[in-house]
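Undergrad: Got a sequence here, can you model it:
(chains A and B)
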Amino acid sequence: MTGTEPVIEIANLSIAAAQSGVTLVDDVSLHVDAGECLGIVGESGSGKSLTLRSILGLLPPALHRTQGTVRFQGEKEGLRPVEPRELRGHGVSMIFQEPMSSLNPTMRIGDLVAAGPRARGVSRRAAADQALRLLAEVGVPHPEQRARAWPHQLSGGLRQRVMIAMALSVEPRLLLCDEPTTALDTTVQDQILTLVERLRIERGLALIFVSHDLSVISRIADRTAVMYAGRIIEHGPTGALVDSPRHPYTRALIESMPQLHGPPVRLKTINGSPPTAGRLPPGCRFAPRCPLAVDACHQADPPLLNIGPHRATACLRQAEMNVGEPV
Amino acid sequence: MSALIELDDIEVHFDVKTRRSGTPATLRAVDGVSLAVERSQCLGVVGESGCGKSTLACVLVGLTAPTAGRVRYDGREIGVDRSKDLRRRVQMVFQDPVASLNPRRRVRSVLSELIDCHDLVPEAGMTSALNSLMDMVNLPRRVLDARPRELSGGQRQRVAIARALAVQPDILVADEAVSALDVSAQATVVNLLADLRAELGLTIVFISHDLGIIRTLCDRVAVMYAGRVVEEGPADTVFASAQHPYTRALLRAAPDLGRRGTGSRSPALEGEPSGALDVITGCPFVSRCPEAEAICSAAPPAYVGDGTHRTACIHAAH
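TA: You can find the predicted model right below:
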């Protein structure tokens, strides 16, 4: 952790469906410092991608932000409230899960990467040169040849590198990553994660990395927020959170993951399935599935409370969870 | 113990036309694979996209005819034209239950049709047969009256497993059967398969790109690369002391909770597999292998090792 002022600060963000009014993301607050990586982990429907997309105003038309502020650290002035469209192409970039559907199939690779600089008034030739430099920086072999290729001619791994080059072309300070390695093979995922780590160090990028896979998050994130049914239910430094989770859902998530080291063990499972948005249980959202739940858990949804430096959990029974218990 | 199902030097080549010039070419999806699975064993097949693992699954269940090689079931050679009884004995579970279950039909009608078709249960016993199927896959009996879209992803995949079990198979071929599921749903399906194996003596071929799940579920593992098995052996041995450079790279590349931490490091493996259209004379892994020598490009390496653990690499230390 760098301990500097945050690059971005999101406070009390809520997202709801416009028609039904059903809340999908509920009162999410987070911040990222310069050069820091925040991981957001959760299962499908937990609201992790919506949270990320709303930063750039990329929510589907049927959804809208009902409350919350986003403050961003500009180049000169300090942290100030911003609208999503002010951030697009100006300080914040995003990379997505499926590189093929995010790359315009009718544009050559070089033109795709040059489009950002061109839109900022850079000359055609200078933008093309910059595109070649960026393609080389993200590890695309033979950039001059590849710049003339079309997206469909590239492998999945190369497409993802091109998308990263496009994201870097506007010199962002914050890179939003929405499951960028989920569709990739194991060895290619490893390459892309290594690339993102390198860029983060070399460029001092701040990252928000969203994934359903805690093992990917644990490799790349300094701090991790765990989302469940639209809320952040636990938050803390990644190592501490994985070693001694202080929310039963986090612990269940860890124990249900197959491990590559240590003796093979039977996976633990979580009873039931996550609640449907709009039909949440009265108290804690995890209580109906929670092995530690007591009566109080079914009364009111516990707030996310600090339990130590940089650690917070939304669990009434967190004190009863054995600290440091092996998983 | 003799093998229940056996693949002997299976080759699946497709005649294709190259995209650019339209000249005929041969796509070598599976290129000389021999594997044997004993009764009640669970074999994991791991590899990255395009390595031929799904084509291999299709050969096992008789959906794809191999261009060369033999498939033997219980010692007898079988082809694609299988008897009804043989089709029943080898069943497949696909990755995407949404695509493999009829969206307009209720679970009850899907399952009872199969049971009827194979005359497995007398009419009067149908209800109890369906109920016990639901019990077997840990689903509440009311799921029988649901349509697939009313179920969660994990429930749907358990219905897909129930569909395969409905015809009382000997062998279950699961092709990326848990890949589309969330972690917690994935764990329930993996445990279910382990239980079915223990309770019914089911033989399972589990195809996945996820090393952690293979390690949890399987007693043997075959690692595929570019249509070939590059290493095969008991899962605990292969995971503890992998012999092939590709297996080692896969293990190093896989993210793992037990080995975390940030900081720049070099990727486990550079590059991507060569195209399936390329003609490979030597070892298929040579272009990415950190240990490659001149001899590796000359001829495909023969297997070294003992009867239980074999590796197609000249550097393997068995």
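
Undergrad: For the residue with the largest distance to the centre of chain A, grab phi and psi.
TA: Distance from the C-alpha centroid of chain A, by C-alpha atoms, centre = their mean, peaks at A:Arg125 (34.5 Å). When read as degrees, to the nearest 10, the backbone of A:Arg125 gives phi -70, psi -40.

Undergrad: B:Glu232: which element?
TA: strand B:228-234 (DSSP states H and E).

Undergrad: quick one: that strand near chain A?
TA: No - applying C-beta under 8 Å from any C-beta of the partner chain, one finds strand B:228-234 separated from chain A by no less than 12.0 Å. All C-beta spots, glycine's among them, are computed from the backbone N, C-alpha and C.

Undergrad: Show me how far the helix or strand following that strand is from its chain's centre.
TA: Once strand B:228-234 ends, the next helix or strand along the chain (criterion: DSSP H and E) is helix B:235-240. Centroid separation for helix B:235-240 versus its chain: 18 Å, with C-alpha atoms, centre = their mean, to the nearest Å.

Undergrad: List the buried residues in helix B:235-240.
TA: B:235, B:238-239 (16 or more other C-beta atoms under 10 Å in any protein chain shown).

Undergrad: Kindly export that helix (C-alpha atoms) in PDB.
TA: Provided in PDB are the C-alpha atoms of helix B:235-240 (Å, rounded to 0.1, in the frame of the first residue of the first chain):
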ATOM      1  CA  ALA B 235      -2.800 -37.800 -10.400                       C
ATOM      2  CA  ASP B 236      -0.800 -37.500  -7.200                       C
ATOM      3  CA  THR B 237       2.500 -38.400  -9.000                       C
ATOM      4  CA  VAL B 238       1.900 -36.100 -11.900                       C
ATOM      5  CA  PHE B 239       1.000 -33.200  -9.600                       C
ATOM      6  CA  ALA B 240       3.900 -33.800  -7.300                       C
END
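
Undergrad: returning to that earlier point: how near is the residue farthest from the centre of chain A to B:Ser152?
TA: 54 Å (C-beta to C-beta, to the nearest Å).

Undergrad: quick one: secondary structure of the residue sitting furthest away from the middle of chain B?
TA: Relative to the mean C-alpha coordinate of chain B, counting by C-alpha atoms, centre = their mean, the farthest residue is B:Ala124 (36.3 Å). Secondary structure assignment for B:Ala124 (DSSP: H, G, I helix; E, B strand; the rest coil): helix.

Undergrad: Report pLDDT for it.
TA: In this prediction, B:Ala124 carries a pLDDT score of 92.

Undergrad: can you tell me how far it sits from chain A?
TA: To chain A, B:Ala124 is 34 Å away according to C-beta to the nearest C-beta, to the nearest Å.

Undergrad: number of nearby residues for the nearest residue to A:Val122 once chain neighbours are set aside?
TA: Leaving aside its sequence neighbours, A:Val122 sits nearest to A:Gln130 (C-beta to C-beta, 6 or more residues apart in numbering or on different chains; 6.9 Å). If you count neighbours by other C-beta atoms under 10 Å in any protein chain shown, A:Gln130 ends up with 19.

Undergrad: Also the one 5 residues further on?
TA: When counting by other C-beta under 10 Å, one arrives at 25 neighbours for A:Leu135.

Undergrad: In contact with it, which residues are there?
TA: A:109-110, A:113, A:143, A:146-147, A:161-162, A:165 (C-beta atoms under 8 Å, 6 or more residues apart in numbering or on different chains).

Undergrad: out of the residues you listed, who's nearest A:Ile307?
TA: For the contacts of A:Leu135, the residue nearest A:Ile307 by C-beta to C-beta is A:Arg161; the value is 40.2 Å.

Undergrad: how about the closest one, secondary structure?
TA: helix.

Undergrad: my guess is it meets A:Leu195, correct?
TA: Yes - A:Arg161 lies in contact with A:Leu195 (C-beta atoms under 8 Å); the separation is 7.0 Å.

Undergrad: higher neighbour count, these two?
TA: More crowded of A:Arg161 and A:Leu195, by other C-beta under 10 Å: A:Arg161, with 26 against 19.

Undergrad: any idea how far the closest residue to that one other than its chain neighbours is from chain B?
TA: Of all residues not flanking A:Arg161 in the chain, A:Val138 sits nearest, at 4.5 Å (C-beta to C-beta, 6+ apart). The gap separating A:Val138 from chain B is 13 Å, by C-beta to the nearest C-beta.

Undergrad: and the contacts of A:Leu135, which are buried?
TA: Buried, going by 16+ other C-beta under 10 Å: A:109-110, A:113, A:143, A:146-147, A:161-162, A:165, out of the contacts of A:Leu135.

Undergrad: Keep only those of these that are in helices.
TA: If you go by DSSP state H, those have A:109-110, A:113, A:143, A:146, A:161-162, A:165 in helices.

Undergrad: If we only consider those residues, which is nearest to chain B?
TA: A:Arg161 (11.1 Å; C-beta to the nearest C-beta).

Undergrad: dump the residue contacts of the closest one.
TA: Taking C-beta under 8 Å, 6+ apart as the test, what A:Arg161 contacts is A:135, A:138-140, A:192, A:195.

Undergrad: which pair in those residues spans the largest distance?
TA: Taking C-beta to C-beta, no two of the contacts of A:Arg161 sit farther apart than A:Leu135 and A:Ile192, at 14.8 Å.
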